[in-house]
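Participant: Test case, fold it:
(chains A and B)
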Amino acid sequence: MLFFQSLISGILTGGVYALAAMGMSLVFGVMNISNFAHGELMMLGMYLAYYLFILFNIDPFIALLIIMPLTFGFGYAVEKTMIGRVIDHPSENQILLTVGFGLIMSNTALLAFTSDPKILTTSYSSSSISLPGDISVSIPMLLSFIITCALTAALYLFLAKTKTGMALRATSQNREAAQLMGIDVSRMSSIAFGTGTLLAASAGAMIAQTYYIDPFAGHTFLLKSFTICVLGGLGSVIGAAVGGIVIGLVEAMSSAYLSTDWKDVVVFVLFLAILLLRPRGLFGRKGEQ
Amino acid sequence: MLEICDLNAGYDDMPVLKSLSLSIVEGEVLSIVGNNGAGKSTLLKAISGLVRSTGSISFRGTRINGLKPHAIVQKGIVHVPEGRKIFPEMTVDENLTMGAFLNPKEYRRHLDMVFSLFPRLSERRKQLGGTMSGGEQQMLAIARGLMGSPKLLMLDEPSLGLSPLFTESVFSSIGEISRSGVTVLLVEQNVCQSLEASDRGYVMETGSIVLSGTGRELIENPQVKRAFLGM
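Facilitator: Below is the predicted model of the structure:
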């Protein structure tokens, strides 16, 4: 039964990882920038969910309706004023900028909210459904997984069917040719970064009941998102979705059969193995460095 | 239609175009020929706004240098880049939809037009661009450019890497495009064929125009013969 319990919790946790990683992958694909502030954007979502609940008594899942447009706007503005300026610069400059932006965010949070971890407790935070065979499924994790599936489907349809979504894909596949089609690629970058921020913050808001909320809560997720993006193939949104579930499962299985202390080791060994054996990832494009 | 006067452009302090001037007359097929590194591609990139330039480029009386590439496309100048640059993970249909990004209203009419020009594409509408042969990709790149309903179509090395048969069909499509009322600016290393297909031509050398004339005049020019045709 340990196997099935780990399988279910691995998939549920993996869904959240997938959501965060899809945002990172979209930004990387369209802008060719690795966003080291991605974890802080998740942290932003966690605090937003926390304070919307504490101050206005809004359920964290309902709060997504407020958090999503708010963080999209925030990401759009951040791209317009900062990230967009380094898009044609060497990658060291881009890394310095996104790392610096992340530090400013986490330290602002430290100043504003102190380093004391916050715990968001709703009436159903610790409730779970029992399945036959002593398997329990946490309600908040189940809800977040369902919403993650809906958001993934929405993102997929947006990229596949809408004019703006197609233009985002075109920009990610060949930025120069996209410009020659009359696509305003700097606007596409802003939209991609806004969407990436929205996805990271939504992931943060949805795990706010499950994890401690503190100014550095995003760090572990930053590394995981990178691992997932590399596993799925950098720039591939579908790859990130699948990669997230895989990493969730690997973690759950290694916690169950080795020990919790070993789960990060297993994940990063897997990360190195992918870089060595299949550097373009599961769904990566051919011929990219 | 397009007037270029005293144009300078380049990359990171490395000048490529040196006070270049030329003009394009509405309705003609104009060739620019020259060796590798003469600055032909840079010239097209300067016109389409991918490379910054000083001097003046004016299109139908309005100055366009300094505009963003998407604003220049909006004015009716479409650049089909060297190396085709199709979207590899999009289908033929999706590539063509992207070509019509700025005027989706005329999508149907243009689609019929490009399919009659390149019937082969209409058989492969669901195929991913990246899985097609070089010649098919070139057809797709030209078709994608035409979807933007250009007044001026600029083709950069459309015959590069193509078999003689595909090259022939690309040149014959250029004739048809021109007859449909589109002005064509053709950049080629395939000097003889492109001059034959053109009303006028310019010869470029190290960033400047060194010769100009009708296509026929240039083919028969002894300098051109010596430099490009090995005669």
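
Participant: so how far is the first residue of stretch A:48-66 from its last?
Facilitator: 9 Å (Cα to Cα, to the nearest Å).

Participant: which helices and strands does the helix or strand containing residue B:136 pack with?
Facilitator: Residue B:136 belongs to helix B:134-146 when assigned by DSSP states H and E. Applying 3 or more Cβ pairs under 8 Å, 6 or more residues apart in numbering or on different chains; DSSP states H and E, one finds that helix B:134-146 contacts strand B:77-80, helix B:92-99, helix B:107-117, helix B:119-122, strand B:152-156, helix B:164-179. C-beta here means a position set from N, CA and C on the backbone, and glycine is covered the same way.

Participant: what would those look like in CSV with mean neighbour count, distance to residue B:6 and mean pLDDT?
Facilitator: Listed next are those as CSV, based on neighbours: other Cβ atoms under 10 Å in any protein chain shown; distance: least, Cβ to Cβ, whole Å; pLDDT from 0 to 100:
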stretch, mean neighbour count, distance to residue B:6, mean pLDDT
strand B:77-80, 28, 20, 95
helix B:92-99, 24, 33, 94
helix B:107-117, 16, 36, 92
helix B:119-122, 16, 41, 92
strand B:152-156, 25, 20, 95
helix B:164-179, 16, 28, 90
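
Participant: Can you add distance to chain A and give the ones you listed back as TSV?
Facilitator: Shown next, in TSV, are the helices and strands packed on helix B:134-146 (distance: least, Cβ to the nearest Cβ, whole Å):
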stretch	distance to chain A
strand B:77-80	5
helix B:92-99	5
helix B:107-117	11
helix B:119-122	17
strand B:152-156	10
helix B:164-179	17
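
Participant: ok, residue B:157 - how many residues close by?
Facilitator: By other Cβ atoms under 10 Å in any protein chain shown, 22 other residues sit near residue B:157.

Participant: same question, residue A:281
Facilitator: Other residues near residue A:281 come to 24 when the count uses other Cβ under 10 Å.

Participant: That one belongs to a helix?
Facilitator: No - per DSSP: H, G, I helix; E, B strand; the rest coil, residue A:281 lies outside any helix segment and is coil.

Participant: Now the phi/psi pair for it, please.
Facilitator: Phi and psi for residue A:281, reported as degrees, to the nearest 10, are phi 80, psi -180.

Participant: confidence score at the closest residue to residue B:52 other than its chain neighbours?
Facilitator: Distance criterion Cβ to Cβ, 6 or more residues apart in numbering or on different chains; nearest residue to residue B:52, sequence neighbours excluded, is residue B:9 at 6.7 Å. Per-residue pLDDT puts residue B:9 at 89.

Participant: now for the longest helix along chain A, which elements pack on it?
Facilitator: Assignment by DSSP state H gives helix A:2-31 as the longest helix of chain A. Contacts defined by 3+ Cβ pairs under 8 Å, 6+ apart place helix A:2-31 against helix A:38-56, strand A:135-138, helix A:139-161, helix A:163-173, helix A:185-207, helix A:219-232, helix A:237-257.

Participant: for the ones you listed, which one sits closest to residue A:108?
Facilitator: Proximity to residue A:108 (Cβ to Cβ) singles out helix A:38-56 among these, at 9.3 Å.

Participant: Quick check: residue B:144 touching residue B:97?
Facilitator: No - if you go by Cβ atoms under 8 Å, residue B:144 and residue B:97 don't touch, sitting 9.2 Å apart.

Participant: Mutual contacts of those two, please.
Facilitator: Residues touching both residue B:144 and residue B:97 (Cβ atoms under 8 Å, 6 or more residues apart in numbering or on different chains): there are none.

Participant: Distance check, the closest residue to residue B:127 other than its chain neighbours against residue B:207.
Facilitator: Leaving aside its chain neighbours, residue B:127 sits nearest to residue B:92 (5.7 Å; criterion: Cβ to Cβ, 6+ apart). According to Cβ to Cβ, to the nearest Å, residue B:92 and residue B:207 sit 37 Å apart.

Participant: Likewise for residue B:28?
Facilitator: 23 Å.

Participant: Which one's more surrounded, the two?
Facilitator: Shown here are residue B:28 and residue B:207; by other Cβ under 10 Å, residue B:207 has more neighbours (22 against 16).

Participant: Give me every residue in chain B that's in contact range of chain A.
Facilitator: Residues of chain B lying near chain A by Cβ under 8 Å from any Cβ of the partner chain: B:48-50, B:68-70, B:73-74, B:78-81, B:85-90, B:94, B:97-99, B:101-102, B:104, B:144-145, B:148.

Participant: And the residue nearest the centre of chain B?
Facilitator: Geometric centre of chain B, nearest residue: residue B:155, 1.5 Å, by Cα atoms, centre = their mean.

Participant: Make sure that one is actually in contact with residue B:184.
Facilitator: Yes - with contacts defined as Cβ under 8 Å, residue B:155 counts as touching residue B:184 at a distance of 6.8 Å.

Participant: Could I get the contacting residues of residue 204?
Facilitator: All of this is about chain A. Counting by Cβ under 8 Å, 6+ apart, residue A:204 makes contact with A:20, A:41-46, A:48-49, A:217-218.

Participant: that's the wrong chain, I meant chain B
Facilitator: Taking Cβ under 8 Å, 6+ apart as the contact definition, residue B:204 lies against B:20, B:32-34, B:38-40, B:43, B:210.

Participant: can you tell me which two in those are farthest apart?
Facilitator: It's B:20 and B:33 that sit farthest apart of these, by Cβ to Cβ, at 14.5 Å.

Participant: The two: which is more packed in?
Facilitator: Neighbour count, other Cβ under 10 Å: between residue B:20 and residue B:33, residue B:33 has more, with 26 against 23.

Participant: list the contacts for the more buried one?
Facilitator: With contact set as Cβ under 8 Å, 6+ apart, residue B:33 has these partners: B:40, B:187-189, B:191, B:194-195, B:201-204, B:218, B:224, B:228.

Participant: So residue B:17: helix, strand or coil?
Facilitator: Judged by three-state DSSP, the three-state class of residue B:17 is strand.

Participant: Tell me, what's the model's pLDDT at it?
Facilitator: 89.

Participant: Alpha carbons of stretch B:158-166, as PDB, please.
Facilitator: Only the C-alpha atoms of stretch B:158-166 are listed here, as PDB (Å, rounded to 0.1, in the frame of the first residue of the first chain):
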ATOM      1  CA  PRO B 158      15.800  31.900 -52.200                       C
ATOM      2  CA  SER B 159      17.800  29.500 -54.200                       C
ATOM      3  CA  LEU B 160      20.500  28.800 -51.600                       C
ATOM      4  CA  GLY B 161      20.900  25.000 -51.100                       C
ATOM      5  CA  LEU B 162      18.200  24.000 -53.600                       C
ATOM      6  CA  SER B 163      18.400  21.500 -56.300                       C
ATOM      7  CA  PRO B 164      18.400  22.900 -59.900                       C
ATOM      8  CA  LEU B 165      14.800  21.700 -60.300                       C
ATOM      9  CA  PHE B 166      13.600  23.500 -57.100                       C
END
